[in-house]
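Colleague: Sharing a model prediction with you, sequence too.
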Amino acid sequence: MSLLSQPRSRFVALLIALLLTVLVVGCSRSLPSQYFRMLSFGTIMELEIIGVDQKTAQKAYQALQKDFDLMHAAWHAWEPGPVGRINEHFARQESLVAPPSVLPLLRISQDLAQQSDYLFDPGIGKLVELWGFHSSELKPHAPPEQADIDEILEHHPSIRNVKLDGIHLSSDNPFVKLDFGAIGKGYGVDLAIERLKSMGISSAIINAGGDLRAIGSRAGNPWRIAIRDPDGGGIFALLSVTGDESVFTSGNYERNFSWNGRLYHHILDPRTGHPVEETASVTVIHSDAATADASATALFVAGPENWHRIAKQMGIKYVLLIDSEGTTHMNPAMYERIKLQKSPVNLVISDPL
């Protein structure tokens, strides 16, 4: 999902959606709760810290705000910066010295893309751009011509075409354009959590527009998370998180436009070049946010027929998938954890992961 370029005019709407997506309740007054909000990765980033004094919490907030600003600038595919320079060199089939700010994210993305059978693939930036989902001002417009989509697909752009030789980065495919919108937010949250831990903070939650990673507990109580119903925007289910876990959702309601009565959303199938039609939303739970972020996209593309196989390959143990017909798919472990707030149209429990 290309969340690195959403317009600031959508922040109010995103905040309203956020309140429907994530609920955190029940805090003891014996431990202070410090709450902060910032703007980064094209969305509202919310930080709540438990059990530290105001000075420490304020210092952590300022550090994370600076970190997120640096990450956003480094990883943005459509503005001048390291990723933009990489894409310019790829288009000319020239090698370059790998930017240190991008290298760890690139390596993680290559590994997760391979595990997903490249259903998660940050190398399809040209398709994202062709559909207009790179724009910070997403407006209704005609979908691209099939001939233009086919021209890109004929060259099979993929992050697998990206080669790292020592410190030099290159691609032999000029149609490769990197876009880390489907993992950058998650990896950024992971780095932010590590920063909090290094500051001695053991209980906190970082919520990036409804996607989150939580550590510790909320004053002895679990963090209570609400999952949005992709059909109507209400709450579909609740779950509890404690210890150190990430919860990420990919949905067809997140970034889209309508044309001639048809909805087109931003989650593209790298194989077809079109928005995925079989899936409405996917929610995953995993220890780290980067894997949760990338796998939510991969399982969305895999759809109701193949999500289970891809989840096993990526090491995902908790999955909730709602398909476009309203059928809810879960593995048994997720079914045990989740508390449905609405009766599904149809419920399918898979084999264990």
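Modeller: Yep, that arrived.

Colleague: top helix in the protein by residue count?
Modeller: helix 289-314 (DSSP state H).

Colleague: which of the residues in that helix are buried?
Modeller: Of the residues in helix 289-314, 289-304, 307-308, 310-311, 314 count as buried by neighbour count, 16 or more other CB atoms under 10 Å. (Each C-beta comes from the backbone N, C-alpha and C, glycine too.)

Colleague: Can you name the residues in contact with the next helix or strand after that helix?
Modeller: Sequence-wise, the next helix or strand downstream of helix 289-314 (DSSP states H and E) is strand 318-323. Strand 318-323 is contacted by residues 227, 230, 236-237, 278-286, 299-300, 303-304, 307-308, 311, 328-331, 333-334, 337-338, 344, 353 when judged by CB atoms under 8 Å, 6 or more residues apart in numbering.

Colleague: again, 7 Å this time
Modeller: 227, 230, 278-285, 299, 304, 307, 311, 328-331, 333-334, 337-338 (CB atoms under 7 Å, 6 or more residues apart in numbering).

Colleague: looking at this, Pro174 is in a strand?
Modeller: No. Secondary structure of Pro174 (DSSP: H, G, I helix; E, B strand; the rest coil): coil, not part of a strand.

Colleague: distance of it from Val241?
Modeller: Separation of Pro174 from Val241 (CB to CB, to the nearest Å): 43 Å.

Colleague: So for those two, which sits in the more crowded spot?
Modeller: Legend: neighbour count by other CB atoms under 10 Å for Pro174 and Val241, higher for Val241 (22 against 15).

Colleague: tell me the contacts of Ser258?
Modeller: Listed by CB under 7 Å, 6+ apart, the contact partners of Ser258 are Pro140.

Colleague: Can you tell me the closest non-neighbouring residue to Pro104?
Modeller: Leaving aside its chain neighbours, Pro104 sits nearest to Tyr187 (7.9 Å; criterion: CB to CB, 6 or more residues apart in numbering).

Colleague: quick check: angle from the host helix or strand of that neighbour to helix 289-314?
Modeller: Following DSSP H and E, one finds Tyr187 within helix 184-198. Per axes from the mean of the first three to the mean of the last three CA atoms, to 10 degrees, the angle that helix 184-198 makes with helix 289-314 is 110 degrees.

Colleague: what packs against helix 184-198?
Modeller: helix 54-75, helix 103-115, strand 204-208, strand 211-216, helix 289-314 (3 or more CB pairs under 7 Å, 6 or more residues apart in numbering; DSSP states H and E).

Colleague: Tell me which other helices or strands the fourth one touches.
Modeller: On a contact count with 3+ CB pairs under 7 Å, 6+ apart, strand 211-216 meets helix 184-198, strand 204-208, strand 243-251.

Colleague: What pairs with that strand, parallel or antiparallel?
Modeller: Strand pairing for strand 211-216, using DSSP bridges, gives strand 204-208 (antiparallel), strand 243-251 (antiparallel).
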